[in-house]
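Peer 1: Generate a structure from the sequence data that follows.
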Amino acid sequence: MNIHKILCKLSAALLLLNSTAPYASAASQTEGIFDNKTYTHADVFDGMNIYNGIDVSYYNKNIDWEEVKDSGVDFAIIRVGYRGYGAAGTLCTDTKFVDNIEGALDAGIKVGVYYFTEALNKKEAIAEAEYCLEKIKDYDVTLPVVIDYEFPTDANGPIGRMYKANLSKSAATNNCIAFCDTIKEAGYEPMIYANKSDFASLINGTKLSKSYKIWLANYTTKTTYANPYEYWQYTSSGSVDGISGKVDCNFWYTNTTLDGSSSNTVPPVVTETPVPTETLVPSDTPKPADTPKPVKTPKPTETPKPTDTPKPAKTPKPSDTPKPLETEEPVLTIDLSDAAVQAISDEVYTGDEIMPSPVISLNGIELTEDEDYEITYSNNINAGKASVTITGISNYTGTITTSFIIKPARTISISCSPANKAITLTWDNLTGAQGYQIYRADVYNGTYKRIKTITSGTTSTYKDTKLLADHEYYYKVRSYAKIDGKTYHSSCATLTAATMKTKKAAVIPARTNLLKTPASGSAKLVSLPKNCTVEYLGKTYLDDTVSYLHVNYIVKSKTYNGYLPSNIALKFYSLGKTTAALNMRKAAGTNKKVLAVIPEGTPVALLKKVNVKSKVWYKTNYYDGKKLYTGYVSSGYINK
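Peer 2: A predicted model of the protein is given here:
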């Protein structure tokens, strides 16, 4: 055993004996100190330091970071924030971020941060990264800044704006790249977090791991994940002193120590060359009995004279230069022209470049992007046929070209402006479409017929005329693009609208049942009391002769959308909606008795208009689920 191996083994032994070093070196198995399970580490991590860490957010409540440090935690990755799950996608800060990052740093724990993404495109991903950078700029963040890619869930499964958008794998991967590149440009280390399944199905873990650090979530004692990763979240059920409840726990594999220095410094190699006399132990120092005597250094007089110095060998002429050995093998090159390229699935327009990574194989062996070949793209933004060029590198030569289809996207929003005998539809045209197709059904659950084809992708409105008054119609709008002689369609956006110039409030003349569907045998949604107010939506037709009255009924901030028989004689008034929680007073005036408080967003019938000291008041009805009130509300909090 040579000295280098001896030193390495002694170093490893000292690390294991040192109680202040909670990591293992050169070990294939360790015990999870926060759950007492034995974990098997991938062979690629043999000889590396394995540190113990946690990741936390406001869900972990108040944390005693000194206890956390004493329990053996070396590092913590702290949630800095998240994007809201709704359509608005508001950027939010974790309410415990400041407490957690300051507490961890004060306790001497190294920190990184993560952001829970809900980005739908690269622009939003960059905004999330910039939000992170602003929040961490005053803290000593030495570990990675992470984009957390996963879908939030409720009791029914995945939810959130990102899940609903159904992003393609390449679009989701590009969002991660945009986040990471923004973090990297700011001088921090970016990283991507996802579970084993999501790295394969939602984002391209293979591609991302070639440029960025990977944090793998896989709750098992021995992961089989094949791509590179540096952090492993192995459980969400750890128990850590200083934190109540379950905790996410992680391993960090690294060749550095916690202070940032390298732990793999190689000692100088010992050779058999005689040691110079200047480095020997002085002559008056006792020598070990078996220590050999140093080689005597020749005296200057014994140095050979210059005349005795052998002449240098004659430099051979160019013609005498030895030829390369015939056993040298030439560099082999392999032509990609016979390689198989996996078909690329159709993608959906996002407004950003779409860059799928097809599987390339030659003679049954899968090749590796950026090692065996590189990919370039063209025409890969707008709806149409995108081109992919695969060029061999290293030992591979030649190119292969393939293509994929970018279909137009579904319009995100559609609205209308109704009139007495016409309805004007308006939609967003952020779809990459060449045009739009509009369909209409005239009766409830009727057949949709195409009424218009718009051949311009920039047009976003259509006026449907010659309609019947007070009649509910049903619309579908979808985008399309003609590509290589074939028409590709998006899914449909839908809208129900009635031909009424202004919305109406209706007062129920007698107690009646609100039906779930427009049918005589329909189930009851709720009972409507006499004189309560509903929002009238229009007349729903089952055929040319049978119709129902479509209404919204709101009580206690809950909305019931249902139907009434058409023979009910509703009393119609102008419709108003409360813009805030609003006092209903017994008479018009701010000093009058309050009868009830009407919730924000409640439709009210404007029964009568009253002027009091240059201020307008409306008489209205309000039913709170138990009692019907009649009183007055200030017009300043009514939106007509």
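Peer 1: and Y139, what does it touch?
Peer 2: Contact analysis of Y139 by C-beta atoms under 8 Å, 6 or more residues apart in numbering lists 101-102, 105, 111. Quick note: C-beta positions are derived from backbone N, CA and C, even for glycine.
Peer 1: Out of those residues, which two sit at the greatest distance?
Peer 2: Largest separation among the contacts of Y139 by C-beta to C-beta: E102 and V111, giving 9.8 Å.
Peer 1: Between the two, which is the more surrounded one?
Peer 2: Using other C-beta atoms under 10 Å as the criterion, E102 and V111 rank with V111 on top: 21 against 14.
Peer 1: Just say helix, strand or coil for the more buried one.
Peer 2: Put simply, V111 is strand when judged by DSSP: H, G, I helix; E, B strand; the rest coil.
Peer 1: so it touches F97, yeah?
Peer 2: No: with contact defined as C-beta atoms under 8 Å, V111 does not reach F97; the gap is 10.9 Å.
Peer 1: Show the secondary-structure elements that the longest helix along the chain is packed against.
Peer 2: For the chain, the longest helix by residue count, based on DSSP state H, is helix 169-185. For helix 169-185, the elements it packs on are helix 122-136, strand 145-148, strand 190-195, helix 205-208, strand 347-348, judged by 3 or more C-beta pairs under 8 Å, 6 or more residues apart in numbering; DSSP states H and E.
Peer 1: Contacts for the third one next, please.
Peer 2: Contacts of strand 190-195 with the rest of the structure, by C-beta under 8 Å, 6+ apart, involve 112, 114, 144-150, 176, 179-181, 183-184, 202-203, 205, 208, 212-218, 230-231, 233.
Peer 1: same deal with the second one?
Peer 2: In this structure, residues lying in contact with strand 145-148 by C-beta under 8 Å, 6+ apart are 77, 79, 112-117, 125, 128-129, 132-133, 136, 176, 179-180, 183, 188-194, 215.
Peer 1: That strand pairs with which strands, parallel or anti?
Peer 2: Strand 145-148 sits in its sheet next to strand 110-116 (parallel), strand 190-195 (parallel), going by DSSP bridges.
Peer 1: okay if I get these as a markdown table plus distance to S71 and mean pLDDT?
Peer 2: Output for the strands paired with strand 145-148, formatted as a markdown table (distance: least, C-beta to C-beta, whole Å; pLDDT from 0 to 100):
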| stretch | distance to S71 | mean pLDDT |
| --- | --- | --- |
| strand 110-116 | 15 | 98 |
| strand 190-195 | 23 | 98 |
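Peer 1: how about these in CSV, adding distance to L528?
Peer 2: Output for those, formatted as CSV (distance: least, C-beta to C-beta, whole Å):
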stretch, distance to L528
strand 110-116, 43
strand 190-195, 49
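Peer 1: how about the ones you listed, which one is nearest D43?
Peer 2: Proximity to D43, assessed across the strands paired with strand 145-148 by C-beta to C-beta, is greatest for strand 190-195 (22.1 Å).
Peer 1: Off-centre distance for that closest one?
Peer 2: 10 Å (C-alpha atoms, centre = their mean, to the nearest Å).
Peer 1: How many residues are close by I438?
Peer 2: I438: 19 surrounding residues under other C-beta under 10 Å.
Peer 1: same deal with G260?
Peer 2: Applying other C-beta under 10 Å, we find 9 residues neighbouring G260.
Peer 1: Report the contact partners of it.
Peer 2: By C-beta under 8 Å, 6+ apart, the residues touching G260 are T142.
Peer 1: and if you look at F151?
Peer 2: By C-beta under 8 Å, 6+ apart, the contact set of F151 is 158-160, 162-163.
Peer 1: go with 7 Å
Peer 2: 158, 160, 162-163 (C-beta atoms under 7 Å, 6 or more residues apart in numbering).
Peer 1: which SS state does it fall under?
Peer 2: Quick answer, by three-state DSSP: F151 is coil.
Peer 1: Distance-wise, check it relative to N621.
Peer 2: Applying C-beta to C-beta, to the nearest Å, the value for F151 to N621 is 44 Å.
Peer 1: got it, and L332?
Peer 2: According to C-beta to C-beta, L332 and N621 sit 89 Å apart.
Peer 1: Please name the strands paired to the longest strand anywhere in the chain in the sheet, noting orientation.
Peer 2: Counting residues, the longest strand found in the chain (DSSP state E) is strand 472-483. Strand 472-483 has its sheet partners listed here by DSSP bridges as strand 435-441 (antiparallel), strand 486-489 (antiparallel), strand 493-498 (antiparallel).
Peer 1: Tally up the residues packed near E347, please.
Peer 2: Neighbours of E347 under the rule other C-beta under 10 Å: 20.
Peer 1: Show me what it bridges to in the sheet.
Peer 2: Beta bridges link E347 to I406, judged by DSSP bridges.
Peer 1: in the stretch 451-600 of the chain, which spans are strands?
Peer 2: Secondary structure of the stretch 451-600 of the chain (DSSP state E, counting those that start in this stretch): strands located at 461-464, 472-483, 486-489, 493-498, 504-507, 512-515, 524-528, 533-541, 547-555, 558-565, 571-578, 582-585, 594-598.
Peer 1: So which of the strands paired with strand 472-483 is nearest T224?
Peer 2: Among the strands paired with strand 472-483, the nearest to T224 by C-beta to C-beta is strand 486-489 (38.3 Å).
Peer 1: what does the closest one contact?
Peer 2: Strand 486-489 has contacts (C-beta under 7 Å, 6+ apart) with 405, 407-408, 478, 480-481.
Peer 1: now swap in stretch 95-103 and tell me
Peer 2: With contacts defined as C-beta under 7 Å, 6+ apart, stretch 95-103 is touched by 56-58, 63, 65, 78-81, 111, 135, 139.
Peer 1: My read is that S635 contacts Y618, right?
Peer 2: Yes: counting by C-beta atoms under 7 Å, S635 does reach Y618; the two are 6.0 Å apart.
Peer 1: Who has more neighbours out of those two?
Peer 2: Between S635 and Y618, counted using other C-beta under 10 Å, the more crowded position is Y618 (22 against 17).
Peer 1: Low-confidence stretches in this structure?
Peer 2: For the chain, the stretches flagged by pLDDT under 70 are 1-27, 262-331.
Peer 1: And it, split by domain according to the record?
Peer 2: Split into domains by automatic domain parsing, the chain comes to 3-254, 334-407, 414-498, 574-639.
Peer 1: quick revisit: let's have the contacts of F151 in CSV, adding distance to K486.
Peer 2: Putting the contacts of F151 into CSV (distance: C-beta to C-beta, whole Å) gives the following:
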residue, distance to K486
P158, 32
G160, 33
M162, 30
Y163, 29
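Peer 1: Of those residues, select the buried ones using a ChimeraX command.
Peer 2: In ChimeraX, a selection of the buried entries from the contacts of F151 looks like this (16 or more other C-beta atoms under 10 Å):
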select :160,162,163
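Peer 1: out of the contacts of F151, which are inside helices?
Peer 2: Among the contacts of F151, DSSP H puts 162-163 in helices.
Peer 1: which one among the contacts of F151 gets closest to W252?
Peer 2: Nearest to W252 among the contacts of F151: M162, at 27.4 Å, using C-beta to C-beta.
Peer 1: of the domains of the chain, which approaches K524 most closely?
Peer 2: K524 sits nearest to domain 574-639 of all those, at 16.0 Å, using C-beta to C-beta.
Peer 1: just how off-centre is that closest one within its chain?
Peer 2: Offset of domain 574-639 from its chain centre (C-alpha atoms, centre = their mean): 45 Å.
Peer 1: Stretch 108-127 now?
Peer 2: Put simply, stretch 108-127 sits 8 Å off its chain's centre (C-alpha atoms, centre = their mean).
Peer 1: just stretch 103-110 next, same as before
Peer 2: 28 Å.
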